[in-house]
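# Sequence below, structure please.
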Amino acid sequence: MSPLIQIFQAPPPPLLGRLDKGRKVALLLAYCGAGYYGIQIQKDYPTIESELLSALVKCKCLTQEQADTPNKIQFQRAARTDKGVSALGNIISLKISILYFLFDYLFVTLDDVVDVINKELPNQIRVLSYIRTTKGFNSKNFCDSRTYMYMIPTYAFTPVNQVFNDDYRISDENFTLLNTVLSKYKGTHNFHNYTSGIKPTDASANRFIIKFEADKPTIEDDIEFITLKVTGQSFMLHHIRKMVALTICVVKGLCGIETIEKSWLHDKMDVPRAPSEGLFLCQTHYTGYNRRYGTDGIHDPLDWSHCQVSTI
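Here you go, the predicted model:
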């Protein structure tokens, strides 16, 4: 073995470990949630974060000790997604060891970091990009709002007095009704009936919905689908899926639109829950961070418009 190869294959000198205290970055992550128990690490269960941390260890962005204690690298997600829920743009903030990485992949530039990480990830999880941030950046706390979308076949809205089949096409009247129902959720309301473990008197039960609307229907494999898009400051466990399910009930005629307002009262109400497979985290918004730091000439804005999801 030549001396040059021995140098490249040797472990990083201790000096690099002392110099590299970690660089705070934001990773843009897209993933298919099928087969995973959500994004957050859970002992003995496969999760998105456990796959990501394992990949970062393999490509020397993290040590195993750092991966085992994520709080020491200020690891944080912008939004928690539950079992089976996917994402087109979740943000992970953490400190990674770039010097170790560059030593192990000596001919790899920083622009290639994403490609090297993705080689260690399953195909249904992709890092789309990364941006260096301020030292104090926290992807959850700095996030102003989050946008989710829920894709659903329109036959789910078939009125109770009509025969259900795949050929169903939503009428203009019902499409208008759908958006009317969705608009009822806008504003600040008490959503204790839309999650579990929250009392109506808890401050955390109150959530602010910025926008909730349905896009025009599209046809896929002779089945009509519709996409519901909701933007809010934050959401609770099962929150969106329960809003979708109650909306379906109203449009189908199973209950009146006034049921939505009743669900915000302190009385307990059993609200149904839509399947997780149609729910996607679409985008996280950092308007305040970008306004303060994105134009300071030192940090880049958290703008991911150049990224395309083609592998999920």
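
# okay, and for the stretch 1-150 of the chain, where does confidence drop off?
For the stretch 1-150 of the chain, the stretches with pLDDT under 70 are 1-21, 98-111.

# what about the helices in the stretch 151-300 of the chain?
Taking DSSP state H, counting those that start in this stretch, the helices of the stretch 151-300 of the chain run over residues 172-183, 239-252, 258-262, 287-293.

# So which of those is nearest Phe142?
In terms of Cβ to Cβ, the element of the helices of the stretch 151-300 of the chain nearest to Phe142 is helix 287-293, at 4.8 Å. (Glycine included, C-beta is placed from N, CA and C.)

# chain center to the closest one: distance?
Mean C-alpha position of helix 287-293 versus that of the full chain (Cα atoms, centre = their mean, to the nearest Å) differs by 20 Å.

# now do stretch 67-87
10 Å.

# Which positions within that stretch qualify as buried?
Residues 67, 73-82, 84-87 are the ones in stretch 67-87 that count as buried (16 or more other Cβ atoms under 10 Å).

# which among those residues gets closest to Ser97?
When the buried residues of stretch 67-87 are ranked by distance to Ser97 (Cβ to Cβ), Ile73 comes first, at 8.9 Å.

# Could you check how far the closest one is from Lys24?
Distance, Ile73 to Lys24, using Cβ to Cβ, to the nearest Å: 9 Å.

# three-state assignment of Leu24?
You called it Leu, but residue 24 is Lys. strand (DSSP: H, G, I helix; E, B strand; the rest coil).

# Verify the contact between it and Gln76 for me.
No. If you go by Cβ atoms under 8 Å, Lys24 and Gln76 don't touch, sitting 10.7 Å apart.

# shared neighbours of those two, anything?
Applying Cβ atoms under 8 Å, 6 or more residues apart in numbering, one finds that Lys24 and Gln76 are jointly contacted by 93-94.

# Quick check, pLDDT for Asp300.
For Asp300, the model assigns a pLDDT of 89.

# residue contacts, it?
With Cβ under 8 Å, 6+ apart, Asp300 has these contacts: 131-132, 294.

# Out of these, which end up buried?
The buried subset of the contacts of Asp300 (16+ other Cβ under 10 Å) comprises 131, 294.

# Switch the contacts of Asp300 over to CSV, and while doing so, append distance to Tyr150 to every line.
CSV is the format used below for these (distance: Cβ to Cβ, whole Å):
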residue, distance to Tyr150
Ile131, 28
Arg132, 33
Gly294, 30
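
# Strands - which of the contacts of Asp300 land there?
Of the contacts of Asp300, the ones assigned to strands by DSSP state E are 131-132.

# circling back to that earlier point, which residues are in contact with each of Ile73 and Lys24?
With Cβ under 8 Å, 6+ apart as the test, Ile73 and Lys24 both reach 94-95.

# what packs against the strand or helix carrying Leu56?
With elements taken from DSSP states H and E, the one containing Leu56 is helix 48-58. For helix 48-58, the elements it packs on are strand 23-31, helix 64-68, strand 86-96, strand 125-132, judged by 3 or more Cβ pairs under 8 Å, 6 or more residues apart in numbering; DSSP states H and E.

# Summarise which helices and strands the last one is packed against.
Using 3+ Cβ pairs under 8 Å, 6+ apart as the contact criterion, the secondary-structure elements in contact with strand 125-132 are strand 23-31, helix 48-58, helix 113-119.

# what about 6 Å?
Strand 125-132 makes packing contacts with strand 23-31, helix 113-119 when contacts are defined by 3 or more Cβ pairs under 6 Å, 6 or more residues apart in numbering; DSSP states H and E.

# how close does Phe75 get to Ser54?
13 Å.

# go on, Pro200?
Distance of Pro200 to Ser54, computed by Cβ to Cβ: 41 Å.

# now swap in Leu254 and tell me
Counting by Cβ to Cβ, the gap from Leu254 to Ser54 is 45 Å.

# same check, this time on Arg291
36 Å.

# now swap in Gln64 and tell me
As defined by Cβ to Cβ, Gln64 lies at a distance of 9 Å from Ser54.

# list the residues that contact both of these two?
Counting by Cβ atoms under 6 Å, 6 or more residues apart in numbering, Gln64 and Ser54 have no contacts in common.

# More neighbours: which of the two?
Ser54 (15 against 11; other Cβ atoms under 10 Å).
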